[in-house]
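J.: kindly return the folded structure for what I paste below:
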Amino acid sequence: MDSQDPPSPDSEQETTYRKQRRGIGGIGWAVIGVVFFGTLLTIGILPRLTQRSELQAAVKEASTIPSVNVMTPRRATGISNLELPGSVVALNQTTVYARSTGYLRRWYADIGDRVRAGQLLAEIDSPDIDQQVLQAKAELIQAQANVLQSRASLAKGVSDLKQARANLLIARQSWERWQVLVKQGAVAQQDADTKYAAYQANLANVEAAQNTISSDSANVKVAQANAYAIQANFQRNTILQSYKKVTAPFAGVVTARNVNTGVLITSGNGSTNTGNTSLYTIAAYDALNVNVNVPQSSSALLNTGQTAQITVRELPQRVFTGKVVRTSNAIDPNTRTLLTQLKIDNLSGALRPGMYASVKFAINRTNPPFVVPDSVLVIDAKGTQVATITKNQTVHYQKVAVGRDYGTELEITSGLTGNESLIANPTVDETEGLHVQPIAETK
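T.: As a prediction, this is how the structure comes out:
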């Protein structure tokens, strides 16, 4: 068939049918594609949209709950160092006064000198006491002579009594014999009466001798008592005379000399306005005491015999060891501290009374407290508290008791178990029962 011939009716229908089928097929494939891609979009986009909405809701909810930094308390170490200021004092220090009045003849020790017990420090001229000693000595000699005289008189009286008793015995025997002779008629009654009178006279002599002995005995006692009194006065003046030599009461160092040669010295201890002054001040340096005021919270942790390290600023390379020897056993109501005294050897003389010292105690604690930063504390009208986070993530204020303060940290002696979450820096916004979002602090 020629290409220019017109198509037949059958071929036109076939062509139209084919066009229709081709159109229907394209639409179907388009629908299928739309459905397929719609399904893919539904599977991929819808979950993302859901997650996005949930995330937005979570962010919105989180934005309404405040976040707080939290931390947990830590247990303190079993051995705690308690460092306190102390004051070095002399173990024995005294002011030496004169017991004798006079002029200072000479002094032998000056400030800074080491002296031994009994060493001569100064001599005093005291003529008055010298004369009193001489007078007391003379009176004592006289009193002792009176005692001897009284005893001699007593001895003579005893001898006279013996003689009187012998004469009395002879007179009595004579009188008894003459009575027998009178009864026999050998002698006259008058002679017997004479013998009786002699017997009575000797009896009176014996009684007189006995009275004399009693009087002499009393005189001896009086003389002896007087001699004892005078002897005591003599010994007193002799002791006062010995005080002309001023000696050191114990071994130590002279810290003050207050007199010079020729100064008038008045006996006494300076308690009255008699013009007397101290001669020397002596302090024992071989052993010193360190006084420390221990806070009430730590007073129960110290025991007698416990050692401590003692340092002074002027000797940074030296560490001294002291031992607790005593405490006042009473808390000072003004400072709430316990006065504690430590003894320290100072044979080298490096330490001096009056020095400021630092005393460090190593304290063993069987149940150490918890340690927290000072920023966690809330102090108000209800007392000392910390803000804790409960299991429901709400704020709860817990009362606590504070122990030692280390500056940036402090001890909590009661109120915590150690498992709490504490708000690191509580503010007035964290009220009781507030729901919060805790954020653990990083170390």
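J.: who's in contact with the lengthiest strand in the chain?
T.: Counting residues, the longest strand found in the chain (DSSP state E) is strand 315-332. Residues from elsewhere that reach strand 315-332 (Cβ atoms under 8 Å, 6 or more residues apart in numbering): 289-290, 293-294, 296, 299, 302-312, 337-344, 350-351, 359. Backbone N, C-alpha and C define where each C-beta goes, glycine included.
J.: mind checking which of those are in strands?
T.: Per DSSP E, the contacts of strand 315-332 map to strands at 289-290, 293-294, 307-312, 337-344, 359.
J.: quick one: secondary structure of residue 214?
T.: helix (DSSP: H, G, I helix; E, B strand; the rest coil).
J.: how far away is the nearest residue to residue 335 once chain neighbours are set aside from residue 361?
T.: Nearest residue to residue 335 in three dimensions, chain neighbours excluded: residue 293, at 6.3 Å (Cβ to Cβ, 6 or more residues apart in numbering). Residue 293 sits 13 Å away from residue 361, going by Cβ to Cβ, to the nearest Å.
J.: all the strands of the stretch 51-200 of the chain, in order from the start?
T.: 67-71, 74-75, 79-90, 93-96, 102-107, 114-115, 120-125 (DSSP state E, counting those that start in this stretch).
J.: relative to strand 120-125, how tilted is the fifth one?
T.: Think strand 102-107. Orientation check (axes from the mean of the first three to the mean of the last three Cα atoms, to 10 degrees): strand 102-107 against strand 120-125 gives 140 degrees.
J.: ok, residues contacting strand 102-107?
T.: By Cβ under 8 Å, 6+ apart, strand 102-107 touches 121-129, 244, 257, 259-265, 279.
J.: pretty sure residue 369 is touching residue 409, no?
T.: No - with contact defined as Cβ atoms under 8 Å, residue 369 does not count as touching residue 409 (11.3 Å).
J.: okay, the two: which has more neighbours?
T.: A direct count of neighbours by other Cβ atoms under 10 Å for residue 369 and residue 409 places residue 369 higher, at 20 against 15.
J.: and the gap between that one and residue 412?
T.: On the measure of Cβ to Cβ, residue 369 and residue 412 end up 6 Å apart.
J.: what is in contact with those two at once?
T.: residue 403.
J.: can you list the weak-confidence ranges in the stretch 101-250 of the chain?
T.: Along the stretch 101-250 of the chain, the model assigns pLDDT under 70 to no residue.
J.: the residue nearest to the spatial centre of the chain pairs with what?
T.: A centroid search over the chain (Cα atoms, centre = their mean) returns residue 340, at 1.8 Å, as the residue closest to the centre. Taking DSSP bridges as the rule, residue 340 bridges to residue 292, residue 327.
J.: my read: it touches residue 292, true?
T.: Yes - using Cβ under 8 Å, residue 340 makes contact with residue 292 at a distance of 4.8 Å.
J.: which parts of the chain are helices?
T.: 9-64, 127-184, 189-242, 296-299 (DSSP state H).
J.: and the last one, what does it pack onto?
T.: Read it as helix 296-299. Counting contacts by 3 or more Cβ pairs under 8 Å, 6 or more residues apart in numbering; DSSP states H and E, helix 296-299 packs against strand 315-332, strand 337-345, strand 401-405.
J.: Serialize those to JSON lines and add fields for mean pLDDT.
T.: As requested, the helices and strands packed on helix 296-299 are arranged in JSON lines below (pLDDT from 0 to 100):
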{"stretch": "strand 315-332", "mean pLDDT": "91"}
{"stretch": "strand 337-345", "mean pLDDT": "93"}
{"stretch": "strand 401-405", "mean pLDDT": "84"}
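J.: in a markdown table: the ones you listed, plus distance to residue 227.
T.: As requested, the helices and strands packed on helix 296-299 are exported to a markdown table (distance: least, Cβ to Cβ, whole Å):
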| stretch | distance to residue 227 |
| --- | --- |
| strand 315-332 | 49 |
| strand 337-345 | 50 |
| strand 401-405 | 72 |
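J.: please identify the deepest-packed of those.
T.: Compared across the helices and strands packed on helix 296-299, strand 337-345 shows the largest average neighbour count, a mean of 19 (mean count of other Cβ atoms under 10 Å).
J.: now the angle between strand 307-312 and that strand, please.
T.: Going by the same axes, to 10 degrees, strand 337-345 makes 80 degrees with strand 307-312.
J.: all good on my end, thank you.
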